[in-house]
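Peer 1: Just the structure for this:
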Amino acid sequence: MKDITIIDEDYKKWLKELASRYRSCQIKAAIKVNSEKLMFNWLLGRDIVEMNIEERWGESVVLQLSKDLKKELPDVEGLSKSNIYYCKKFYVAYSQYNEFFQQLVGKNTKGDKRLNQPDAERDNIFQQVVGIFQIPWGHHCLILDKTHGDTSKALFYVRKTIENGWSRAMLLNCIDTGFYERDGKAVSNFTSVLPDPMSGLAQEITKDPYNFAFANITKPYNETQLKKSLLTNITDFLIELGTGFAYVGKEYRLQIGETENFIDLLFYHLKLRCYVVVEVKVDKFEPSDIGQLSTYVVACNHLLKRDDDKPTIGLLICKSKDNTVAKYALEGSSQPIGVSEYELEKFYPEKIEGNIPTIAEIEDRLNREE
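Peer 2: Take a look at the predicted model:
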């Protein structure tokens, strides 16, 4: 039978809808499979803890359990000794939110007084817990390895992975460069000059310090060379700035009265719905820097901001700063501005000790493929 060509627009529209519907089903199925696997891992970890299996049957029980499960489930992956231990770590890390997991596995917790807390706090915790089932198991293993039992830190990386769609490699890079410690840490006056919730959201999009190691600058440099290097590596620069930043231009011209002014870097933040003026300084922060940046922020509000845009934000990224001086200088400004530092060197952990794997860790990694 020969193929026929249907040119009817309704048919073409229906065809696209069918393809889109199928892709959506595939995504939902993948999420469902991942969620069910994580639930199994959670329950396995719970059993190990609540049944005290290592005290009951000895430390070698986990290895024996791995072998027995492989016999019972020969076609199932993820039943190695090391993976079973990850299941235990997974449960222990988030067991403080156990009442919400009980809801997910069908247990009735309506009478639990622990749930009688403010709705906003309860909903926030619940959303965090639900989020645990939305990222791959490999991401969880990485987070558990790197956060060393710090649940707040682990949940932060879970949430950021969901928000930004991080691959495992991107997640590892963010953890290794101290994303958690740097996130939202700029010195700013956002809370005093911006309304809620924008002030909080504006603070969240900042970092301190920014990691500009990707610029590959090893020789003496000036501001022009630094900005050129940042834009040469614009993809890495945008990744470091964070999700939501859209590049508008460099040396962006603003005609203020009879004077031409040029903004170092201009961005638009898609989530905040506002312009972000970025000034880069290769020297130590000086209070006078705030005046120039404030002028640019006000000019953007007058010349670029549309009625549906939020107030423009200024971000000064300098080589170094005295936090107290920066705070005092910002108190005198009515414009929303954040001040951060940048680093050109690669980020290294403060302590080398503990980063070299132990014999037990090496053995554990070798057993992962069992």
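Peer 1: And for the nearest residue to N323 once chain neighbours are set aside, the neighbour number?
Peer 2: Once flanking residues are discounted, N323 sits nearest to V187: 5.5 Å by CB to CB, 6 or more residues apart in numbering. Heads up, the C-betas are built off the backbone N, CA and C, glycines and all. Number of residues near V187 (other CB atoms under 10 Å) recorded here: 22.
Peer 1: so V187 touches K327, yeah?
Peer 2: Yes - counting by CB atoms under 8 Å, K327 is a contact partner of V187 at 5.8 Å.
Peer 1: returning to what we had before: which residues are in contact with the residue nearest to N323?
Peer 2: Counting by CB atoms under 8 Å, 6 or more residues apart in numbering, V187 touches 208, 321, 323, 326-327, 330, 338-340.
Peer 1: for K153, same thing?
Peer 2: Counting by CB under 8 Å, 6+ apart, K153 makes contact with 147, 180.
Peer 1: I'd like the next helix or strand past whatever helix or strand it lives in.
Peer 2: If you go by DSSP states H and E, K153 is part of helix 151-164. Going down the chain from helix 151-164, the next helix or strand is helix 168-176, by DSSP H and E.
Peer 1: Tell me which other helices or strands that next one touches.
Peer 2: Packing partners of helix 168-176 (3 or more CB pairs under 8 Å, 6 or more residues apart in numbering; DSSP states H and E): helix 137-147, helix 151-164.
Peer 1: can you tell me which of these the model trusts least?
Peer 2: When these are compared by mean pLDDT, helix 151-164 comes last with a mean of 90.
Peer 1: starting at the chain centroid, how far to it?
Peer 2: What separates the centre of helix 151-164 from the centre of its chain is 6 Å, taken as CA atoms, centre = their mean, to the nearest Å.
Peer 1: try stretch 240-256
Peer 2: That offset, for stretch 240-256, works out to 22 Å (CA atoms, centre = their mean).
Peer 1: try stretch 57-73
Peer 2: For stretch 57-73, the distance to the chain centre is 36 Å (CA atoms, centre = their mean).
Peer 1: Give the rounded mean pLDDT of it.
Peer 2: Mean pLDDT, computed over stretch 57-73, is 90.
Peer 1: That stretch: which residues count as buried?
Peer 2: Buried residues in stretch 57-73, defined by neighbour count with 16 or more other CB atoms under 10 Å: 61-62, 65-66, 69.
Peer 1: What helices and strands are in contact with the strand or helix carrying N301?
Peer 2: Element membership for N301, per DSSP H and E: helix 288-303. Packing contacts for helix 288-303, counted by 3+ CB pairs under 8 Å, 6+ apart, involve strand 245-256, strand 259-269, strand 274-284, strand 313-320, helix 323-331, strand 337-343.
Peer 1: Looking at those, which is nearest to Q225?
Peer 2: Closest to Q225 of those, according to CB to CB: strand 274-284, at 8.8 Å.
Peer 1: on that earlier part again, the residue nearest to N323 and Y91: what is the separation?
Peer 2: Using CB to CB, to the nearest Å, V187 is found at 39 Å from Y91.
Peer 1: Dump the helices and strands packed on helix 288-303 into JSON lines; add distance to D183, mean neighbour count and mean pLDDT as well.
Peer 2: JSON lines is the format used below for the helices and strands packed on helix 288-303 (distance: least, CB to CB, whole Å; neighbours: other CB atoms under 10 Å; pLDDT from 0 to 100):
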{"stretch": "strand 245-256", "distance to D183": "14", "mean neighbour count": "14", "mean pLDDT": "93"}
{"stretch": "strand 259-269", "distance to D183": "15", "mean neighbour count": "17", "mean pLDDT": "94"}
{"stretch": "strand 274-284", "distance to D183": "16", "mean neighbour count": "20", "mean pLDDT": "96"}
{"stretch": "strand 313-320", "distance to D183": "14", "mean neighbour count": "23", "mean pLDDT": "97"}
{"stretch": "helix 323-331", "distance to D183": "17", "mean neighbour count": "16", "mean pLDDT": "96"}
{"stretch": "strand 337-343", "distance to D183": "11", "mean neighbour count": "23", "mean pLDDT": "97"}
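Peer 1: and of those, who's closest to S167?
Peer 2: Closest of these to S167 is strand 245-256, at 19.2 Å (criterion: CB to CB).
Peer 1: ok and the closest one relative to strand 259-269, angle-wise?
Peer 2: 160 degrees (axes from the mean of the first three to the mean of the last three CA atoms, to 10 degrees).
Peer 1: Strand 245-256 - which strands sit beside it in the sheet, and in what orientation?
Peer 2: Using DSSP bridges, the strands paired with strand 245-256 are strand 259-269 (antiparallel).
Peer 1: contact partners of the partner strand?
Peer 2: 205, 223, 227, 230-231, 241, 244-255, 274-280, 295-296, 299-300, 313.
Peer 1: any idea how far that strand is from the chain center?
Peer 2: 27 Å.
Peer 1: returning to that earlier point: any chance of the helices and strands packed on helix 288-303 in CSV with distance to K81 as columns?
Peer 2: Shown next, in CSV, are those (distance: least, CB to CB, whole Å):
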stretch, distance to K81
strand 245-256, 44
strand 259-269, 46
strand 274-284, 49
strand 313-320, 47
helix 323-331, 48
strand 337-343, 40
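Peer 1: what's around the closest residue to I135 other than its chain neighbours, how many residues?
Peer 2: Of all residues not flanking I135 in the chain, T161 sits nearest, at 4.9 Å (CB to CB, 6+ apart). T161 has 23 neighbours, counted by other CB under 10 Å.
Peer 1: what does G332 give?
Peer 2: G332: 11 surrounding residues under other CB under 10 Å.
Peer 1: Excluding residues flanking it in the chain, which one is nearest it?
Peer 2: By the measure of CB to CB, 6+ apart, the closest residue to G332 outside its immediate chain neighbours is I290, 7.4 Å from it.
Peer 1: And for L73?
Peer 2: Counting by CB to CB, 6+ apart, the residue nearest L73 is L79, at 6.6 Å.
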